[in-house]
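Chemist: sequence-free structure coming up:
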């Protein structure tokens with residue numbers, strides 16, 4: 001019986017903003033860029049509010065406490 005190895009767990013490591021984009025950096029080296037238009041709370045937020053984020057579950061998502069906004073990695077990938 002062939003048992004396939006588990007794929008590596010990919011997590012968010014860093015978040016930044018450029019122009020009108022949310023940039024999410026992953027532990028496997030990939031980078032996801034999505035338009036802020038997809039996230040109205042982030043689009044309307046100040047730079048300071050955008051910079052105040054924390055990882056959820058060691059990197060399965062992002063939380064902005066000042067905005068009460070959460071984005072999951074799974075949601076970004078689908």
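Modeler: Right, received. Where do you want to start? Computed from a predicted structure; not experimentally measured.
Chemist: Now do the contacts for residue 70.
Modeler: When contacts are counted by C-beta atoms under 8 Å, 6 or more residues apart in numbering, residue 70 touches 56, 61, 62, 63, 64. Yep, even glycine has a C-beta here, placed from its N, CA and C like the rest.
Chemist: distance of it from residue 46?
Modeler: With distances taken as C-beta to C-beta, to the nearest Å, residue 70 is found 19 Å from residue 46.
Chemist: and residue 33, how many residues sit next to it?
Modeler: 12 (other C-beta atoms under 10 Å).
Chemist: and the helix or strand that contains it, what does it pack onto?
Modeler: Assigned by DSSP states H and E, residue 33 belongs to strand 31-35. Judged by 3 or more C-beta pairs under 8 Å, 6 or more residues apart in numbering; DSSP states H and E, strand 31-35 is in contact with strand 21-26, helix 73-77.
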